[in-house]
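Peer 1: Coordinates only, no sequence provided:
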């Protein structure tokens, strides 16, 4: 009983941390979200709201995230089809 009293706050913090990580990963590697960001970035560049240098840097980062997201998606799909 006393053990639970002392460890329950740590368990709760761990669960909250895991949930936050899942949500961040979902947004960071969400293909639709990345596509929307790429479109938004393109529009900002065309309207000259960002410089070419900033555009290229952000585009490269988003394309890397997109590539990773697609790879993760394919890995998930392969796992599901193995069963």
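Peer 2: Now that the structure is in, tell me what you want to look at. The structure presented is a predicted model; accordingly, all values stated were derived computationally and were not measured.

Peer 1: count of residues packed around residue 47?
Peer 2: 8 (other CB atoms under 10 Å). Heads up, the C-betas are built off the backbone N, CA and C, glycines and all.

Peer 1: okay, it: pLDDT?
Peer 2: What the model reports as pLDDT for residue 47 is 97.

Peer 1: Please report phi then psi for it.
Peer 2: In terms of degrees, to the nearest 10, the main-chain angles of residue 47 are phi -90, psi 10.

Peer 1: Residue 54 versus that one, what's the distance?
Peer 2: Relative to residue 54, residue 47 is positioned 13 Å away (criterion: CB to CB, to the nearest Å).

Peer 1: try residue 64
Peer 2: 16 Å.

Peer 1: looking at this structure, which helix or strand is least sure?
Peer 2: helix 2-28 (a mean of 73; mean pLDDT, DSSP states H and E).

Peer 1: Setting aside sequence neighbours, what's the nearest residue to the residue nearest the centre of the chain?
Peer 2: Against the mean C-alpha coordinate of the chain, by CA atoms, centre = their mean, the closest residue is residue 28 at 1.3 Å. Excluding its sequence neighbours, the residue lying closest to residue 28 (CB to CB, 6 or more residues apart in numbering) is residue 65, at 6.6 Å.
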